[in-house]
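Engineer: sequence first, predicted model second:
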Amino acid sequence: MLLRRFAVVLAAVAAGLLGPSGESLAKETSRTIFGFVERVIISEEGFSVKAKLDTGAETSSLDARNIKRFKRDGTSMVRFEVLDPDSEEFVTLERPLSRTVRIRQHVGPEDRRPVVKMLLCVGHIAETVDVNLIDRGHFVYPLLIGRSAMRGRIIVDPALTFTSRPLCTKEELAE
């Protein structure tokens, strides 16, 4: 029993829920527990998609097709298509290019992907985060939310799915 308690405390320390001496950090943080799969609203367009909350990935990725970089008034932009799950049609979006990221694959060469800022709404949390664009058509979930988007706000319980629906208002999505 003592060994099990030690293992639970050690896991909580590793997850950032307890400090090194076992004191609760709950008062210092206001993190929300979500499942490893949640419904998420992406951007002010209001698309609701299934997303995998992946603590093994640093960055977030969105399934995007026909990704094209271009310039508008001297600003680097990205035009891409996203599947609207409600209409089952692709919708064209445009965003300023934030940066390009190199992604190391488990197998194969590095991948260079454009990164754009997008508003994501998970439960009551609405945040603008960096999202890299790639064809994720062969994956189950069109959106992967990585650690950098969850840090300090979200705790993932891998035993749970669909714990909350997106609760952001239209005003929050329009900001």
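Structural biologist: Great, that's in hand. Just so it is clear, the structure is predicted and the values come from calculations on it, not from any experiment.
Engineer: which residue ranges of the chain form strands?
Structural biologist: Secondary structure of the chain (DSSP state E): strands at 32-42, 47-53, 60-63, 65-72, 75-84, 89-96, 99-103, 111-122, 125-134, 143-145, 154-161.
Engineer: switch those over to TSV; also include distance to Thr169.
Structural biologist: No exception for glycine: its C-beta is placed from N, CA and C like everyone else's. Compiled in TSV, these are given as follows (distance: least, Cβ to Cβ, whole Å):
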stretch	distance to Thr169
strand 32-42	11
strand 47-53	14
strand 60-63	22
strand 65-72	29
strand 75-84	20
strand 89-96	21
strand 99-103	30
strand 111-122	9
strand 125-134	9
strand 143-145	20
strand 154-161	20
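Engineer: which of these has the lowest average pLDDT?
Structural biologist: When these are compared by mean pLDDT, strand 99-103 comes last with a mean of 83.
Engineer: now do it: everything it contacts.
Structural biologist: Here strand 99-103 makes contact (Cβ atoms under 8 Å, 6 or more residues apart in numbering) with Thr59, Glu110, Asp111, Arg112, Arg113, Pro114, Val115, Asp130, Asn132, Ile134.
Engineer: ok, 10 Å please
Structural biologist: Here strand 99-103 makes contact (Cβ atoms under 10 Å, 6 or more residues apart in numbering) with 57-59, 61, 69, 76, 78, 109-116, 130, 132, 134.
Engineer: only the C-alpha atoms, please, for it, written as CSV.
Structural biologist: What follows is strand 99-103, C-alpha atoms only, in CSV (Å, rounded to 0.1, in the frame of the first residue of the first chain):
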residue,chain,number,x,y,z
ARG,A,99,6.9,30.8,-39.1
THR,A,100,8.0,27.5,-40.6
VAL,A,101,8.8,24.5,-38.4
ARG,A,102,10.9,21.4,-39.0
ILE,A,103,9.1,18.3,-37.7
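Engineer: redo the strands of the chain as JSON lines? Include mean neighbour count.
Structural biologist: Converted to JSON lines, the strands of the chain look like this (neighbours: other Cβ atoms under 10 Å):
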{"stretch": "strand 32-42", "mean neighbour count": "20"}
{"stretch": "strand 47-53", "mean neighbour count": "20"}
{"stretch": "strand 60-63", "mean neighbour count": "23"}
{"stretch": "strand 65-72", "mean neighbour count": "12"}
{"stretch": "strand 75-84", "mean neighbour count": "17"}
{"stretch": "strand 89-96", "mean neighbour count": "13"}
{"stretch": "strand 99-103", "mean neighbour count": "13"}
{"stretch": "strand 111-122", "mean neighbour count": "19"}
{"stretch": "strand 125-134", "mean neighbour count": "19"}
{"stretch": "strand 143-145", "mean neighbour count": "24"}
{"stretch": "strand 154-161", "mean neighbour count": "14"}
